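Chemist: requesting a structural model of the entry that follows:
(2 chains, ligands or ions: 1)
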Amino acid sequence: MSEESNGPNKSSTGPEIDKASDREGPAVVSRRWLLLKAGVALNGLVGLALAVPVVRYLLAPVRKDSSYKSWVSLGDADGFPVGETRLVSFKNPWTQPWDGQTDNVAAYVRREGASQFTVFAINCAHLGCPVRWFPQSQLFMCPCHGGVYYADGSRASGPPERGLFTYDYKIVGEQLQIDAGQMPSLSNSAKLVNISSPAKTSGNDGDCGCRG
Amino acid sequence: MPGMKQSGRRIYDWFEQRLQVEGPIKDAVLHKVPRNTASWWYVFGSAAFTLLMLQIVTGILLALVYVPSAAEAWNSLNILNHQVPLGWFLRAVHAWGSNFMVAVVFIHMAQVFLFGAYKFPRELTWTVGVFLLLMTLGMAFTGQVLRFDQDAYWGLGIGVFILSRVPWMGGGLVHLLLGGPTIAGATLSRFFALHVFVIPGTLLFLALVHVWMVIKLGINEWPMPGRLVRKSTYIAEYNQLTHEDGIPFVPGAFWKDLIFSAAVLAAVGVCAAVFGPAGPGGQPDPSITQTVPKPDFPFLWIYAVLSYLPPSMETPFILIAPILMIAGLLAVPFVASEGEKSWHRRPVAVLALASVAVGWGVFTHLAMNTPWSPHMGAWSGDTLPLEYLREATPLVRQGAVIFQAKQCRNCHSIGGHGGERGPALDAVATRMTPDQMRYKVVTGGGNMPAYGKNLSPPEIEALVSFLETLHPKGEPPAFDASQQAAQSNPAPGGSNTP
Ligand code: FES
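Modeler: Numbering: from 1, shown residues only, chains lettered A, B, ... in the order given. Have a look, this model is predicted:
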């Protein structure tokens, strides 16, 4: 307890403090200040030491994209007719038991040939809304800001700057597998396609949202 | 009864002797404020504070039932809506309280700006206020996430896509925002922590600092044209004003605050009872693509802006505009800390405020109608007006079917139904010749996708012959003047005849 602590009535102790410090002289007072500074420094040091694990803990989700991703099966490759685009959903490989329905992820599989596929993310390349496939007009339309894509994923119109994101795929045995696990976005496909001539822009030449 | 009064007094004294708060509270309550600040214009700050209290109380009450888990949140909200007695009402009060709070905070800010109240010595009060505004919007956004329906999910997705555009750090920021690689359990947990602990804690603290400064620096006097703020003289002038023509804050000005706050609370209650709670909408299953996500009211204007930005402007705008806006707001009191307060002599300020308000209103209004979004169900659901087909040939009818079946209707309306992304086609034949239509359908252009690959030549013929019939009675369809001229007087040699 120092003499600065508030008494029942602050104003009456005011002069006493002055008197006390007068009595004790500058040496004593400056020693107290030094001790105070030592206390502050000690707290700073301990705080810093504790901050390191805290920061590490906070940054835990920040990882390389590749560490989140793994190969996921979309089922029998022959389940996808040649020349058609189908909506599929799969379980996100990176899940927690309390993810609920959010671990359902959807993708569009377009089969161009016997072993030729393109697997599109459903996320619009503009701001990520789920695009819808219309087989009649062979267009993907986005409900949010009206982005439209052609069947090959290239941009047809609207605000998107590039074509749809695609997943890497491979055929293992009979199975069509894609490299998934991460929400596709521009950060994992930083390349923006020049869209000065929309009809010629290809959605597939940019890095896919899902490649590492 | 005197005995009771006396023992009441004794209890009060016992506490007061230990707490010693009577003095400071009296000072705060009875401090003099300029007489003309006891105005109905000065009630918005206190109303915002009242709404904050309402949100804290209703938020705690909702937290008694809500389950902050991605697997259960949506179910627990439905149980609140349908099974817990009056759970729906509490959700509605919280949602409407949020709308009102955002609105009142903006109105408060506009009033402070218009009255020059941010000038010396109240610069810091304004600065803290800007952060309070950001926190209020942060509460609105995180609250929308806690609703954890499809709008919440895809709204977060938009957040992800915005953050992902940050150079270098984009990917890391996305992981940090989501707590992982996708929107999932970890995401909801961290938004719960933000919405319930981090932001409200900071908000409450800053609100108290804000109120503290208002009490210490005094309420801004009513601006008078010609009464300039000078740092050297202002404080003395203000003190003189409150001394000569001041009234105690309570009850002189405070009764209006009380009445307005009560009115706002009543309005929240009425809106809640009449309009009910906000959602939850569809379940947060990202594999459901049959959804049309839309942000909550405070963010509608951003939604509209993002739809109208040309693609090349997108990334720079998204990354730079928010920083400029916040920096601009923070700079206001430092750029204009002295001088005229009255709006009569601040045309630039008035004009700036008016244009911001009009711009906000226009964009919000647009976002309520979303003319840029295709109507996903128009092709299968909207009917064609009968008169358009009454005397139609089979070819024209076939064209009408193609028009529907190829989703043209999703972007083009006919008879008032259909999308508004492209122009309405009721009178398209008066604007375009068949050749022009053919060209446009095949090659697209502007916001129109090219249909060349998706329509066979006979289909295009049928479609165009249907479009050709779309012109009002008595208004002839457009024609190619040069072709007509060539047909009516063929050039010698007949080389121009088709
Ligand atoms: S998110 Fe698809 S157009 Fe904006």
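
Chemist: switch to C-alpha atoms for all contacts and neighbour counts from now on
Modeler: Noted.

Chemist: where does pLDDT dip in chain A?
Modeler: Under the criterion pLDDT under 70, the flagged ranges of chain A are A:1-22, A:188-212.

Chemist: can you list the domains in it?
Modeler: Chain A is divided into the following domains under automatic domain parsing: A:1-63, A:70-197.

Chemist: give me the pLDDT for the residue nearest to B:Glu340 when sequence neighbours are not counted.
Modeler: Of all residues not flanking B:Glu340 in the chain, B:Leu228 sits nearest, at 4.8 Å (Cα to Cα, 6 or more residues apart in numbering or on different chains). Per-residue pLDDT puts B:Leu228 at 84.

Chemist: count of neighbours near B:Leu228?
Modeler: 15 (other Cα atoms under 10 Å in any protein chain shown).

Chemist: for chain B, give me its nearest residue in chain A.
Modeler: The minimum distance from chain A to chain B, using Cα to the nearest Cα, falls at A:Gly100 (3.6 Å).

Chemist: now whichever residue of chain B sits closest to chain A: which helix or strand?
Modeler: Per Cα to the nearest Cα, B:Ala71 is where chain B lies closest to chain A, at 3.6 Å. Under the criterion DSSP states H and E, no helix or strand holds B:Ala71.

Chemist: and for the one 10 residues further on?
Modeler: Taking DSSP H and E as the criterion, B:Asn81 maps to helix B:73-82.

Chemist: isn't A:Ala106 right up against B:Asp285?
Modeler: No: counting by Cα atoms under 8 Å, A:Ala106 stays clear of B:Asp285, with 9.5 Å between them.

Chemist: looking at those two, which is more packed in?
Modeler: A:Ala106 (22 against 18).

Chemist: which non-adjacent residue is nearest that one?
Modeler: A:Ser89 (4.0 Å).

Chemist: now the one you found: which helix or strand?
Modeler: Assigned by DSSP H and E, A:Ser89 belongs to strand A:85-91.

Chemist: off-centre distance for the helix or strand following that strand?
Modeler: Note on strand A:85-91: by DSSP H and E, the next helix or strand toward the C-terminus is strand A:104-111. Relative to its chain's centre, strand A:104-111 lies at 21 Å (Cα atoms, centre = their mean, to the nearest Å).

Chemist: and the contacts of strand A:104-111?
Modeler: Around strand A:104-111, the neighbours that count as contacts under Cα atoms under 8 Å, 6 or more residues apart in numbering or on different chains are A:80-92, A:117-122, B:285-288.

Chemist: thought the residue of chain B closest to chain A was touching A:Gln96?
Modeler: No: B:Ala71 is beyond contact range of A:Gln96, at 10.0 Å (criterion: Cα under 8 Å).

Chemist: need the residues touching each of these two.
Modeler: Listed as contacting both B:Ala71 and A:Gln96 by Cα under 8 Å, 6+ apart are B:Gly185.

Chemist: who's more crowded, the two?
Modeler: A side-by-side neighbour count of B:Ala71 and A:Gln96, using other Cα under 10 Å, places B:Ala71 first with 21 against 13.

Chemist: can you tell me which residue is spatially central in chain B?
Modeler: B:Pro298 (2.5 Å; Cα atoms, centre = their mean).

Chemist: give me the secondary structure label for it.
Modeler: helix (DSSP: H, G, I helix; E, B strand; the rest coil).
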